[in-house]
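Colleague: here is the input, now give the coordinates:
(one chain, ligands or ions: 2)
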Amino acid sequence: MIQISPLALATREEFFSRLMYPSEAIRLPLACVKRLIGYQIMPPSIAPTNKEQPVILCDSVFKVFGENAKKMLEGVQGNVDAKAFQDAGCIVGVNNASFEVFKGEMLVVMGLSGSGKSTLLRCISKLTDATAGNIYIDGQDLLAMNNKQLIELRRNKMGMVFQSFALLPHKTVLENIAFPLQVKGGKTQDSIKKAMEMVELVGLGGRENYFPRELSGGQQQRVGIARSLAIEPDIWFLDEPFSALDPLIRKEMQDEFLRLQGVLNKTILFVTHDFDEALRLADRIAIMKDGVIEQLDTPANIVLHPATEYVHKFTEEVPREKVLKIESVMEPINSSEHIGDLQVSKDAIIETVAEAVLNESKAVSVVDANDRVVGILHPSKVISVLFGGQSQASEPAATPR
Ligand SMILES: Nc1ncnc2c1ncn2[C@@H]1O[C@H](COP(=O)(O)OP(=O)(O)OP(=O)(O)O)[C@@H](O)[C@H]1O
Ligand SMILES: [Mg+2]
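Modeller: Ligands and ions are numbered 1, 2, ... in the order given. Here you go, the predicted model:
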């Protein structure tokens, strides 16, 4: 039977209880959360070396729907013109996608409806076969795996939350969540016990014997999330998991999802058509249009340096404080200057700490992940980012990898 560490469980309980109850942190006086500021909703920093093997590697992946897809693709040597393919009766779902995702990283795939997000996810989880290209999971060639290897991979390594919930209509909440554990060969009693833990985790205690049709969209989605978490996946595929939730719960869910990720450090491919959601969650964002990844970069670089006109349209309205990190506006430590008690993380997004910093009359300390003071921040700097445009902030460097 799979074990969950008490730490992870505690965090998860907290995570999903927040689905039902507003965040305690919101109700606490500011002073109580000062020491935690900037750590609360930040994902872990991803700093792979060049030698690190990606968990997911896509190399020129194409997915074209249609009878002659493969033949047509062979004829164009990778230069796919979606319009020409469409005229020939083929639909291009994914057009030449190449990228890597590293351990503990959350890559958010963003794009309008029909841009190919779900298709890309389905290719990587091999729910559909890519028409051309290579996909490697932990260095293993996904497309060369036989059925047995594939089943093992899905059962033990991959968790999926689908856009359409994909619940089994004739099974109860509890049975739906226990199902993958039973498929994996778990004893019925153990599977049910574990599933019950997950029911509590997602705040559906008391509804375990309901059928999916008796639940709201958001509740059904929570069953989907619980079911995918039950098997403790290393790689988590989530296709618009929060789209059925109302805005308040959705934001709570995003915060707690980040907190959970901070503890579990899973490798995540998260699909959304909501740019704000992408900005809040992503380590990096891939923006898709007509099957093509138009840009793949950190949220800050996407907003500050949009690569195409299409990406620019998404980013032009985004306030800088939503993507710039404290690191980009901090100043060197100055021993003669009087510093207040407040500490903020260098990796915190300015928006998340602005209010607290502006409540201070003095400069505040900026600390790294090991709590070492690495700089200072004047409230006036925050004001200039909030009200003075981006010129006051040094822009992030090119993509970290
Ligand atoms: N099984 C299929 N057969 C034919 N065409 C398909 C199939 N699945 C997807 N497509 C097409 O591939 C393109 C990408 O679809 P996909 O579902 O990946 O979009 P999406 O970005 O996930 O959109 P949404 O935000 O609406 O979920 C669309 O043009 C769609 O019509
Ligand atoms: Mg989709």
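
Colleague: wait, T308 touches Q295, no?
Modeller: Yes: the pair formed by T308 and Q295 meets the contact definition of CB atoms under 8 Å, at 6.5 Å. Placement of C-beta: from N, CA and C, glycine included.

Colleague: who's more crowded, those two?
Modeller: Neighbours were counted for T308 and for Q295 using other CB atoms under 10 Å; Q295 has more, 24 against 12.

Colleague: doesn't that one fall inside a strand?
Modeller: Yes: in this structure, Q295 lies within a strand as judged by DSSP: H, G, I helix; E, B strand; the rest coil.

Colleague: now do the contacts for the most far-flung residue of the chain relative to its centre.
Modeller: For the chain, the largest distance from the centre (CA atoms, centre = their mean) belongs to S336, which lies 41.8 Å off. Counting by CB atoms under 8 Å, 6 or more residues apart in numbering, S336 makes contact with nothing.

Colleague: from Q53, how far off is it?
Modeller: 47 Å (CB to CB, to the nearest Å).

Colleague: shaky segments in the stretch 251-400 of the chain?
Modeller: Across the stretch 251-400 of the chain, the ranges flagged by pLDDT under 70 are 256, 260, 388-400.

Colleague: which positions in it make contact with ligand 1?
Modeller: Residues of the stretch 251-400 of the chain lying close to ligand 1 (CB under 6 Å from any ligand atom) are H273.

Colleague: which parts of the stretch 251-400 of the chain are helices?
Modeller: 275-281, 299-304, 309-315, 350-358, 379-388 (DSSP state H, counting those that start in this stretch).

Colleague: return the most buried member of those.
Modeller: Highest mean neighbour count of these: helix 299-304, a mean of 23 (counted as mean count of other CB atoms under 10 Å).

Colleague: report the distance from that helix to the chain centre.
Modeller: Distance, stretch centre to chain centre, for helix 299-304: 16 Å (CA atoms, centre = their mean, to the nearest Å).

Colleague: repeat that for stretch 362-380.
Modeller: In terms of CA atoms, centre = their mean, the gap separating the centre of stretch 362-380 from the centre of its chain is 27 Å.

Colleague: then stretch 368-384?
Modeller: In terms of CA atoms, centre = their mean, the centre of stretch 368-384 is found 26 Å from the chain centre.

Colleague: quick one: end-to-end length of that stretch, please.
Modeller: End-to-end distance of stretch 368-384 (CA to CA, to the nearest Å): 23 Å.

Colleague: stretch 329-339 now?
Modeller: By CA to CA, the extent of stretch 329-339 from end to end equals 16 Å.

Colleague: in it, which residues are buried?
Modeller: Of all the residues in stretch 329-339, those buried under the rule 16 or more other CB atoms under 10 Å are V329, M330, I339.

Colleague: just stretch 177-186 next, same as before
Modeller: Across stretch 177-186, burial judged by 16+ other CB under 10 Å covers I177, A178, F179, P180, L181, K184, G186.

Colleague: give me the domain ranges for the protein.
Modeller: Annotated domains of the chain cover 56-62+92-315, 319-401 [automatic domain parsing].

Colleague: include distance to F85 when you put the ones you listed into a markdown table, please.
Modeller: Shown next, in a markdown table, are the domains of the chain (distance: least, CB to CB, whole Å):
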| stretch | distance to F85 |
| --- | --- |
| domain 56-62+92-315 | 5 |
| domain 319-401 | 30 |
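
Colleague: most packed of the ones you listed?
Modeller: Mean neighbour count (mean count of other CB under 10 Å) peaks for domain 56-62+92-315 among the domains of the chain, with a mean of 19.

Colleague: start to end distance for that domain?
Modeller: One end of domain 56-62+92-315 sits 27 Å from the other (CA to CA).

Colleague: likewise for stretch 259-274?
Modeller: Using CA to CA, one end of stretch 259-274 lies 20 Å from the other.

Colleague: for the remainder of this discussion, apply numbering that starts at 736.
Modeller: Happy to do that; since the first residue is 736 now, the last one works out to stretch 994-1009.

Colleague: centre of the chain versus that stretch, how much separation?
Modeller: So, by CA atoms, centre = their mean, the centroid of stretch 994-1009 is 3 Å from its chain's centroid.

Colleague: which residues of the stretch 736-885 of the chain score low on pLDDT?
Modeller: 736-786.
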